[in-house]
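Undergrad: Just need the structure, nothing else, for what follows:
(chains A, B, C and D)
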Protein chains: 2
Amino acid sequence: MIRNYTAVNALSALAQEHRLAIFRLLVQAGRSGLPAGQIAKKLDLPPSSLSFHLSHLKNGGVVSDERDGRSIIYRADFQAMNRLMAFLLENCCAGDDCLPEDAAPDCMEGQVL
Amino acid sequence: MIRNYTAVNALSALAQEHRLAIFRLLVQAGRSGLPAGQIAKKLDLPPSSLSFHLSHLKNGGVVSDERDGRSIIYRADFQAMNRLMAFLLENCCAGDDCLPEDAAPDCMEGQVL
DNA sequence: TCCATATTTCCAGTATTATCGAAATATAAG
DNA sequence: CTTATATTTCGATAATACTGGAAATATGGA
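TA: Residues are numbered from 1 along each chain as shown, chains lettered A, B, ... in the order given. Next up, the predicted model:
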C-alpha cells in the first residue's frame, strides 16, 4: 500500500494545467506512448518548460520514460494510477458494506469509471 | 464531462499532505461526515490552518459542508471523485479494445480499486 | 444579555513552484 | 570529426501556496 507522501507526489504531478494535459495525452496514447517532441508540438510548449513538467510527472511516478534513439518516449503508468485511486478510497465508509468483493464500492454508486 | 481546469482544481485540493489526510479521513467517515473540530483533533492542526485547507478542499469540489448547530460537518464528495477518475482515464488507449462495457479498462488490468 | 464553543477571516512572513531563454548533453548520420 | 536533431539542465524572475496567531463571526445556552 502506498503512503500519504507518495500519493501527494503523484497528485502534485497531476495538479497542474500543462502536466494534466500531458498526462491525458499519454493516457490516450496507451502502451506505445509518445516522444517528448510530439508532446511539445501538440501542446505548444517550449522545450525547457516541457522538460520541467515531464520530469515532475516522472518524479511523481505517474509516467515512465525510455530512450529510443534521439527521442525519449513517455508513457502513462496505469498501475500507479490504480494504486493511487485505491489509496484515495481506502477503507471508504469504514468498510461498512461498501466494498463488495471486486466491484466498485457502494459509496461510488456502482460507477468507478 | 469535466474540464481540465476543474480537474486541476480538484487535484490541487488533494495534492497536499494535510488536505489528503483530511480527505481520506472523510472518505472513511462516509456519508455521516465529520465536524471540523474532530478533524482538527485527529490531525492536530491549528484552527486557522485547518480552515484554510478545508476551504481549499471545498473549492476543489472534493468535499461538501453543512452547518449543524455550532459545528460544520464536512463530507467527501464521492461523485466528484468518480468524475475526476473518469476524466483522468478518458479515451484511454484511444478506446482501442480497452473499455469493455461496464468493466475496468484493459489498461488498468481489470483492477480499478 | 452575556458567556462559551466552533469555525472562519485577516495578515504577514516564509517557502515552494512555474516560466523560458541560453547553454549543455546525448545520439545519429554524413 | 562535424553537423543536425532531441532533450535536459541551469539560472534568474515572477507567481502562488502554506503557516499560524489574533481578531471576527455564528450559534446555543444560562
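
Undergrad: contacts, neighbours, all on C-alpha from now
TA: Noted.

Undergrad: Any stretches of chain A with poor pLDDT?
TA: Judged by pLDDT under 70, chain A has its weakly predicted residues at A:97, A:99-113.

Undergrad: Which residue does it have closest to DNA strand D?
TA: Relative to DNA strand D, the nearest point of chain A is A:Gly37 (2.7 Å; CA to the nearest atom of the strand).

Undergrad: Name the secondary structure element that contains that residue.
TA: Element membership for A:Gly37, per DSSP states H and E: helix A:36-43.

Undergrad: Show me what secondary structure element comes after that helix.
TA: With elements assigned by DSSP H and E, the helix or strand that comes after helix A:36-43 is helix A:47-59.

Undergrad: Now do whatever helix or strand comes next after that following helix against helix A:47-59: the angle between them, please.
TA: Scanning forward in sequence from helix A:47-59 by DSSP H and E, the next helix or strand is strand A:63-68. Orientation of strand A:63-68 against helix A:47-59 (axes from the mean of the first three to the mean of the last three CA atoms, to 10 degrees) gives an angle of 120 degrees.

Undergrad: can you list contacts of strand A:63-68?
TA: Applying CA atoms under 8 Å, 6 or more residues apart in numbering or on different chains, the set of residues contacting strand A:63-68 from outside is A:23, A:57-58, A:72-77.

Undergrad: Buried residues, that strand. List them.
TA: Judged by neighbour count using 16 or more other CA atoms under 10 Å in any protein chain shown, the buried positions of strand A:63-68 are A:63-65.

Undergrad: As TSV, the residues you listed with distance to B:Leu88 would be great.
TA: Conversion of those to TSV gives the following (distance: CA to CA, whole Å):
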residue	distance to B:Leu88
A:Val63	13
A:Ser64	17
A:Asp65	19
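
Undergrad: and which of those residues is nearest to chain B?
TA: Sorting these by distance to chain B puts A:Val63 at the head of the list, at 13.1 Å, by CA to the nearest CA.

Undergrad: Contacts only, for the residue lying closest to that closest one once chain neighbours are set aside.
TA: Closest residue to A:Val63 in three dimensions, ignoring its sequence neighbours and counting by CA to CA, 6 or more residues apart in numbering or on different chains: A:Ala76, at 4.4 Å. Shown here is A:Ala76, whose contacts under the criterion CA under 8 Å, 6+ apart are A:23, A:26-27, A:30-31, A:33, A:62-64.

Undergrad: same thing but 10 Å
TA: Under the criterion of CA atoms under 10 Å, 6 or more residues apart in numbering or on different chains, the contact partners of A:Ala76 comprise A:22-34, A:57-58, A:61-65, B:92, B:107.

Undergrad: before we move on, what about A:Leu43?
TA: Taking CA under 10 Å, 6+ apart, we find A:Leu43 in contact with A:18, A:21-22, A:25, A:50.

Undergrad: Chain neighbours aside, what residue packs nearest to the residue of chain A closest to DNA strand D?
TA: A:Ser71 (7.5 Å).

Undergrad: A:Leu43 and A:Val62, how far apart?
TA: A:Leu43 sits 19 Å away from A:Val62, taking CA to CA, to the nearest Å as the criterion.
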